[in-house]
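Enquirer: here is a sequence together with a model predicted from it:
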Amino acid sequence: MTLHNWIDELMDALDIEVEMDAGLVLDVARAAAHQVQRPAAPVSTFLLGYAAALAGGKAETVEELAGRVVALADRWEGGDGATTS
């Protein structure tokens, strides 16, 4: 099973139909996992989805919100991916 198949099956199981950029979501998860800590990845993607839904879910809104998450993760100090001085 591919990721695309999983996403299709998951949307069916959740009874939703939405256009999504899986690469964007994975970028958010990667930034949170590497710059903050691994458990931040699923929490961050959930909160991104929640915020996107509250804001109407348009693709450009999701991209803007995802950019905020990645920027915050990039600034985060003390995470798994942070360098120490």
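Expert: Great, that's in hand. Numbering: from 1, shown residues only.
Enquirer: contacts and neighbour counts: CA atoms only from here.
Expert: Will do.
Enquirer: next up, phi/psi of Ile16, please.
Expert: Main-chain dihedrals, Ile16, degrees, to the nearest 10: phi -130, psi 160.
Enquirer: give me the pLDDT value at it.
Expert: For Ile16, the model assigns a pLDDT of 94.
Enquirer: Glu19 too?
Expert: 89.
Enquirer: ok, how many other residues are close to it?
Expert: When neighbours are defined as other C-alpha atoms under 10 Å, Glu19 has 8 of them.
Enquirer: any idea which element it lies in?
Expert: Using DSSP states H and E, Glu19 is not contained in any helix or strand.
Enquirer: any idea how far it is from Gly57?
Expert: Counting by C-alpha to C-alpha, to the nearest Å, the separation of Glu19 from Gly57 is 9 Å.
Enquirer: same question, Val69
Expert: 16 Å.
Enquirer: ok, these two, which is more surrounded?
Expert: When neighbours are counted by other C-alpha under 10 Å, Val69 and Gly57 differ, and Val69 comes out ahead with 20 against 17.
Enquirer: now do the contacts for the closest residue to that one other than its chain neighbours.
Expert: Of all residues not flanking Val69 in the chain, Val28 sits nearest, at 6.7 Å (C-alpha to C-alpha, 6 or more residues apart in numbering). Residues in contact with Val28, defined by C-alpha atoms under 8 Å, 6 or more residues apart in numbering, are 41, 44-45, 66, 69-70.
Enquirer: of these, which is the most crowded?
Expert: Scoring these on neighbours with other C-alpha under 10 Å, the highest-scoring entry is Ala66 at 23 neighbours.
Enquirer: that older thread, so which of the contacts of Val28 belong to helices?
Expert: Among those, DSSP state H puts 41, 44-45, 66, 69-70 in helices.
Enquirer: pick out the most distant pair among those residues.
Expert: Across the ones in helices among the contacts of Val28, the longest distance by C-alpha to C-alpha is 12.3 Å; it joins Ala41 and Ala66.
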